[in-house]
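**Q** Mind folding the following:
(2 chains)
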Amino acid sequence: AQSVTQPDIHITVSEGASLELRCNYSYGATPYLFWYVQSPGQGLQLLLKYFSGDTLVQGIKGFEAEFKRSQSSFNLRKPSVHWSDAAEYFCAVGSPWEGYQKVTFGTGTKLQVIP
Amino acid sequence: DVKVTQSSRYLVKRTGEKVFLECVQDMDHENMFWYRQDPGLGLRLIYFSYDVKMKEKGDIPEGYSVSREKKERFSLILESASTNQTSMYLCASGGGGSPLHFGNGTRLTVT
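**A** The predicted structure is shown next:
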């Protein structure tokens, strides 16, 4: 069965510092990969997605992610964090074996930004 | 813009009550999903539907059922609510290789 691991439950960074959120997946083939962000009291918003092609993916709000097949990773990065980036971030994988209909989420990483 | 609307933001129900959570999407998506979100556990799939009247169990279907009579509407039903079903419930549509679009969630408290 597919699985997604986000090893960091909580991360604190200073405003203006760089950010990297880790995501590893377990799967036998190349899945679809996503990063979502959830602000307090809100639903999830898509930041970016990887389906195929260029392994460096650009998303909204200045985020990017890099797919590394050899490491089964899809880490999210931002060069300079803003206070408004404080939220919870979820990595997700879509299953090729089920027509990509079923998406599995990681447990999330909560980002705190300090001034 | 895709809009997924959940009928209630907050619900408080008593143990044993039958509870309906409603979700409507306006993008003609074939796939719709119900997730449950709990701290430290992320999102867990309860049920999904890939067509009208079609449904598939997710990872945690026990204690829940669903209904999809129309393409735009997907209902989650708690037949007899229990306190361990207190949670945030998120509806989504899309998938099938396209991103999911989420509603703002329903926070259900069962007392």
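**Q** List the residues that contact the spatially most central residue of chain B.
**A** Chain B has residue B:34 as the residue nearest its centroid, 3.0 Å off, counting by C-alpha atoms, centre = their mean. Contact analysis of residue B:34 by C-beta atoms under 8 Å, 6 or more residues apart in numbering or on different chains lists B:21, B:23, B:45-48, B:58, B:64, B:66, B:74, B:76, B:89-91. No exception for glycine: its C-beta is placed from N, CA and C like everyone else's.
**Q** So which of the residues you listed sit within strands?
**A** Judged by DSSP state E, these include B:21, B:23, B:45-48, B:64, B:66, B:74, B:76, B:89-91 as members of strands.
**Q** which of those are buried?
**A** Buried members of the ones in strands among the contacts of residue B:34, counted by 16 or more other C-beta atoms under 10 Å in any protein chain shown: B:21, B:23, B:45-48, B:64, B:66, B:74, B:76, B:89-91.
**Q** Disregarding residues adjacent in the polypeptide, which is nearest to residue 80?
**A** Picked chain A for this. Counting by C-beta to C-beta, 6 or more residues apart in numbering or on different chains, residue A:16 is the residue found nearest to residue A:80 once chain neighbours are left out, at 5.4 Å.
**Q** my bad, the chain I had in mind was chain B
**A** Nearest one to residue B:80, counting by C-beta to C-beta, 6+ apart, is residue B:16 at 5.3 Å.
**Q** Could you tell me which other helices and strands the lowest-mean-pLDDT helix or strand in chain A packs against?
**A** Across the helices and strands of chain A, the lowest-confidence element by mean pLDDT, DSSP states H and E is strand A:103-105, at a mean of 87. Counting contacts by 3 or more C-beta pairs under 8 Å, 6 or more residues apart in numbering or on different chains; DSSP states H and E, strand A:103-105 packs against strand A:3-5, strand A:32-38, strand A:87-94, strand B:42-51.
**Q** want to try JSON lines for these, with distance to residue A:63 and mean pLDDT as columns?
**A** As requested, these are exported to JSON lines (distance: least, C-beta to C-beta, whole Å; pLDDT from 0 to 100):
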{"stretch": "strand A:3-5", "distance to residue A:63": "17", "mean pLDDT": "91"}
{"stretch": "strand A:32-38", "distance to residue A:63": "7", "mean pLDDT": "94"}
{"stretch": "strand A:87-94", "distance to residue A:63": "9", "mean pLDDT": "93"}
{"stretch": "strand B:42-51", "distance to residue A:63": "19", "mean pLDDT": "91"}
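**Q** Reformat those strands as a markdown table; add distance to residue A:48.
**A** Below are the helices and strands packed on strand A:103-105 laid out as a markdown table (distance: least, C-beta to C-beta, whole Å):
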| stretch | distance to residue A:48 |
| --- | --- |
| strand A:3-5 | 15 |
| strand A:32-38 | 5 |
| strand A:87-94 | 11 |
| strand B:42-51 | 18 |
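**Q** residues near residue A:103, how many?
**A** Neighbours of residue A:103 under the rule other C-beta atoms under 10 Å in any protein chain shown: 28.
**Q** meant to ask about residue A:58, not that
**A** Neighbours of residue A:58 (other C-beta under 10 Å): 10.
**Q** Repeat that for the one 5 residues further on.
**A** For residue A:63, the count of nearby residues is 20 (other C-beta under 10 Å).
**Q** returning to what we had before: kindly identify which of the buried ones among the ones in strands among the contacts of residue B:34 also come near chain A.
**A** The residues of those that also fall near chain A, by C-beta under 8 Å from any C-beta of the partner chain, are B:45, B:48, B:90.
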